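Q: using only what follows, build the 3D model:
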Amino acid sequence: MPKIFITRAIPESGVNKLKEKGYEVVVSPQDEVLTKDNLISALKVDRYDAVLCLLTDKIDGDVFEAAGPQVKIFANYAVGFDNIVLAAAKKRGIMVTNTPGVLTNAVAEHTFALMLAITRRIAQADKFMRAGKYGGWAPMLFLGNDLSGKTIGIVGLGRIGSRVAHHASKGFDAKIIYNDVKRDENFEKEFDAEYKGKLDDLLKEADYVSLHVPLLPATRHLIDARRLKIMKPTVYLINTSRGPIIDENALVEALKNKTIRGAALDVFENEPFLAPGLAELDNVILTPHIASATEETRSAMAELAADNIIAALEGREPPNLVR
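A: Numbers count the residues shown, from 1 in each chain. This is a model prediction of the structure:
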């Protein structure tokens, strides 16, 4: 009977799919991020045919070796897979999968929640109310900015970036400009969008910059001190992709100095830690990597990861093979 190891508790719908196949499922009893050493130790306890891992698990050659020669697949419970060394998996003939598509709507919606929260100063106003400081309506109290009709810069036109553009255009009558490795003329026609082949050109024009690129060597610190300086001083920067896309220390300085007006972040460069000074700023919204955190989405991710494992163990190509 195939045996599956899951590195942390996930929604039961995915676990049940595996159990219905007759697989033995072992879920790590530690409901916390496993260190590399702890993960290796857990994998050495038994022989597993598949591992369902999380984006917080760092999977490299040492981990693959600990899993043993019988393991067929590491199914990542995330759309990204920068936590896995693909070359090490390929060397050992281990399949790696992810869970794309099912979290598109949730992440796009959270992106807009962040946009609205930062531009309308929701967190500041909530704190103000709870502190008992509200003395009545005032014409200058917590002035924010409009989102409707503004220019939204989409950096990375994948599934999520495209969905954000849809909401911005159809819901807020925003002008869409975008930067990606390739141009999409059909997208431009549908949303009256404008392609910016140079990222700097987009950054100079956008009122809101929303990041939706994968973490690659080329995108690490894509938004650095220089690029923060070329943005409008009135811009809002939104990141629901990966934390290291932004140089977080440079962002802190830009927010402190009002180089840009504000930022809203769901991901961080050195999670779970924040750059010094970031948490003290009132022109930034911070959420703890929850963009895909809806009951529907997290359950769908669990089921998709299970589907990938089932396909691999049945000798079929998993639907979301990434190498």
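
Q: for the closest residue to residue 100 other than its chain neighbours, what are its contacts?
A: For residue 100, ignoring the flanking residues on the chain, the nearest one in space by CB to CB, 6 or more residues apart in numbering is residue 79 at 4.7 Å. C-beta: built from backbone N, CA, C; applies to glycine. Contacts here follow CB atoms under 8 Å, 6 or more residues apart in numbering; on that basis residue 79 touches 98-101, 103.

Q: Three-state assignment for residue 79, please.
A: coil (DSSP: H, G, I helix; E, B strand; the rest coil).

Q: now residue 18
A: Secondary structure of residue 18, per three-state DSSP, is helix.

Q: and the pLDDT for it?
A: Per-residue confidence at residue 18 stands at 98 (pLDDT).

Q: same check, this time on residue 323
A: 68.

Q: residue 157 now?
A: 97.

Q: which ones are touching it?
A: Here residue 157 is in contact with 165, 178-180, 184, 187, 212 (CB under 8 Å, 6+ apart).

Q: that older thread, just the buried residues of the contacts of residue 79.
A: 98-100, 103 (16 or more other CB atoms under 10 Å).

Q: now, the contacts of residue 157 that are in helices?
A: When DSSP state H defines the helices, the subset of the contacts of residue 157 inside them is 165, 187.

Q: export the contacts of residue 157 to JSON lines and tack on neighbour count?
A: Formatted as JSON lines, these follow (neighbours: other CB atoms under 10 Å):
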{"residue": "165", "neighbour count": "24"}
{"residue": "178", "neighbour count": "27"}
{"residue": "179", "neighbour count": "23"}
{"residue": "180", "neighbour count": "20"}
{"residue": "184", "neighbour count": "15"}
{"residue": "187", "neighbour count": "19"}
{"residue": "212", "neighbour count": "27"}
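
Q: narrow the contacts of residue 157 to those in strands?
A: 178-179 (DSSP state E).

Q: mind putting the contacts of residue 157 into a markdown table with distance to residue 123?
A: Converted to a markdown table, those look like this (distance: CB to CB, whole Å):
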| residue | distance to residue 123 |
| --- | --- |
| 165 | 25 |
| 178 | 28 |
| 179 | 29 |
| 180 | 31 |
| 184 | 35 |
| 187 | 33 |
| 212 | 23 |
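
Q: how is this structure partitioned into domains?
A: 3-102+295-313, 104-286 (automatic domain parsing).

Q: how long is the shortest one end to end?
A: In terms of CA to CA, to the nearest Å, the two terminal residues of domain 3-102+295-313 are separated by 10 Å.

Q: and if you look at the longest one?
A: For domain 104-286, the first-to-last residue distance is 20 Å (CA to CA).

Q: so what's the residue nearest to residue 59 when sequence neighbours are not counted up against?
A: Leaving aside its chain neighbours, residue 59 sits nearest to residue 84 (4.4 Å; criterion: CB to CB, 6+ apart). Going by CB under 8 Å, 6+ apart, residue 84 touches 53, 59-60, 74, 76, 96.

Q: roughly how far apart are residue 84 and residue 166?
A: Relative to residue 166, residue 84 is positioned 30 Å away (CB to CB, to the nearest Å).

Q: residue 222 now?
A: 23 Å.

Q: over to residue 69?
A: From residue 69 across to residue 166, the span is 46 Å (CB to CB).
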